[in-house]
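Undergrad: The following comprises the amino acid sequence and a computationally predicted model.
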Amino acid sequence: MLRKLLSLYENSFLFPSLPDIPSEQFHYFFSEAENEWIGIPKTAVSEKELNLLKALYKLGEFQVSRASAAEKGWHEYLFLNAPPPQYHSETYIRFIQFSIHGDDVNQVEIESALKGFFTEEVIIIWESASRGIVVEEKKQISLSEEELISMSETLESDFYVKVSFFIGKLNLLSEAIRTKFLLEQEYFSFAISKLGNSTIFTFERVFPAYLAHHLPEELKFRGSQEIVEVFREDPEMFSTIKVFLENNSNASMTAKKLYIHRNTLQYRIDKFTEKTGIGLKDFYGAFTVFLACLLFEQNQKN
């Protein structure tokens with residue numbers, strides 16, 4: 001029934017749950033039979049139609065949002081397909097998405113703490129009770145990856161929650177930036193679901209695993225069978241090789257992270273090369289083996 005309303009009311013939207021930051025331009029109705037919400041523009045509903053809809057569905061009751069006009073503008077642009085916010089021409093924007101893992105998330109306190117880390121004023125909008133987006137202009141970008149890690153550690157210490165960040169790309173504000181954000185949002189959701197609760201995610205870190213996950217089954221099997229067999233026989237070999245490649249084939253750093261001697265590391269690498277015939281010093285060899293590591297890891301989690 002709600003889907004029939006979509007065809008009757010232009011620019012209406014369906015939601016699986018009550019929106020965290022509702023638009024004041026919409027009425028929100030809940031269908032118990034379909035367990036879904038629909039948002040209908042207020043300008044499209046007459047008083048008579050509103051009364052009829054209220055008789056059929058539950059009308060959502062919202063408290064007045066504390067979000068600023070800029071925050072509401074960004075939320076409606078990113079999630080409700082509204083026009084983009086007004087900025088000067090040649091403005092560059094970066095989105096830093098964050099996800100909070102914890103039982104008691106106080107949005108007001110966490111938002112205040114997040115803003116305190118930035119030297120300039122930033123916009124923070126909430127996608128849900130535990131996920132949000134920091135919107136930065138080019139002139140405001142000041143936090144490095146290391147500083148975001150420090151921020152996550154501070155929030156964990158102060159609020160007993162773990163925070164993961166996805167650092168988006170810097171993009172010119174245009175009609176296309178919403179599409180780019182939605183792609184970054186998809187990568188971040190994939191990372192949280194499949195890659196664990198790491199502190200920092202970027203496109204470069206997520207996309208190889210995302211690509212491996214979406215490969216056809218035949219290609220997964222064909223491209224990694226022999227290497228995966230080596231990893232199955234020796235799980236320690238897998239963890240060693242993966243950490244080695246993730247650390248840019250730096251033996252000293254890898255040995256330190258694995259708490260082993262460099263000679264032990266070199267022995268395992270030589271043993272892997274002997275079994276597979278693939279050298280890790282060559283870019284193509286390293287790429288092939290890293291892809292096999294991702295496929296093996298995904299298979300172990302399934």
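TA: Great, that's in hand. Residues are numbered from 1 along each chain as shown.

Undergrad: Beta-bridge partners for I124, please?
TA: V134 (DSSP bridges).

Undergrad: Report pLDDT for it.
TA: I124 carries a pLDDT value of 93.

Undergrad: Could you do the one 5 residues further on as well?
TA: Note for A129: predicted pLDDT of 79.

Undergrad: mind listing the strands for the stretch 151-300 of the chain?
TA: 162-167, 171-172, 200-202 (DSSP state E, counting those that start in this stretch).

Undergrad: Please apply the same query to the stretch 1-150 of the chain.
TA: For the stretch 1-150 of the chain, the strands defined by DSSP E, counting those that start in this stretch cover 13-15, 26-31, 36-41, 58-59, 92-101, 123-126, 131-137.

Undergrad: To R232, which of those strands lies closest?
TA: strand 92-101 (30.9 Å; C-beta to C-beta). C-betas here are computed from N, CA, C, even on glycine.

Undergrad: got a list of contacts for the closest one?
TA: Residues outside strand 92-101 that contact it (C-beta atoms under 8 Å, 6 or more residues apart in numbering): 87, 110, 114, 127, 130-138, 141, 143, 148, 161-173, 177, 181, 184-185, 188, 192, 197.

Undergrad: Parallel or antiparallel, which strands does it pair with?
TA: Going by DSSP bridges, the partners of strand 92-101 are strand 131-137 (antiparallel), strand 162-167 (antiparallel), strand 171-172 (antiparallel).

Undergrad: which of the strands of the stretch 151-300 of the chain sits most buried?
TA: Among those, ranked by average contacts under mean count of other C-beta atoms under 10 Å, first place goes to strand 162-167 (a mean of 22).

Undergrad: For it, the averaged confidence score.
TA: Strand 162-167 comes out at a mean pLDDT of 93.

Undergrad: Give me the neighbour count for S89.
TA: 7 (other C-beta atoms under 10 Å).

Undergrad: hang on, the earlier thing: dump the strands paired with strand 92-101 into TSV; add distance to W74 as well.
TA: As requested, the strands paired with strand 92-101 are exported to TSV (distance: least, C-beta to C-beta, whole Å):
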stretch	distance to W74
strand 131-137	6
strand 162-167	17
strand 171-172	14
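
Undergrad: Just tell me which of those ends up closest to F207.
TA: Across the strands paired with strand 92-101, closest to F207 is strand 162-167 (C-beta to C-beta), at 11.8 Å.

Undergrad: what ranges do the helices span in the protein?
TA: 2-8, 47-56, 69-80, 107-116, 145-159, 177-194, 203-213, 217-233, 235-246, 251-258, 262-276, 283-301 (DSSP state H).

Undergrad: quick one: the shortest one to chain centroid distance?
TA: So the one you mean is helix 2-8. 31 Å (C-alpha atoms, centre = their mean, to the nearest Å).

Undergrad: That helix - contacts with which helices or strands?
TA: Other elements packing on helix 2-8 under the criterion 3 or more C-beta pairs under 8 Å, 6 or more residues apart in numbering; DSSP states H and E are strand 13-15, strand 36-41.

Undergrad: Just the mean pLDDT for it, thanks.
TA: On average, the pLDDT along helix 2-8 is 85.

Undergrad: just checking, V163 touches T154?
TA: No - the pair V163 and T154 does not pass the contact test of C-beta atoms under 8 Å, sitting 9.4 Å apart.

Undergrad: pLDDT at the nearest residue to K138 once chain neighbours are set aside, what is it?
TA: Ranked by C-beta to C-beta, 6 or more residues apart in numbering and with sequence neighbours excluded, the top spatial neighbour of K138 is Y92, at 3.7 Å. Y92 carries a pLDDT value of 89.
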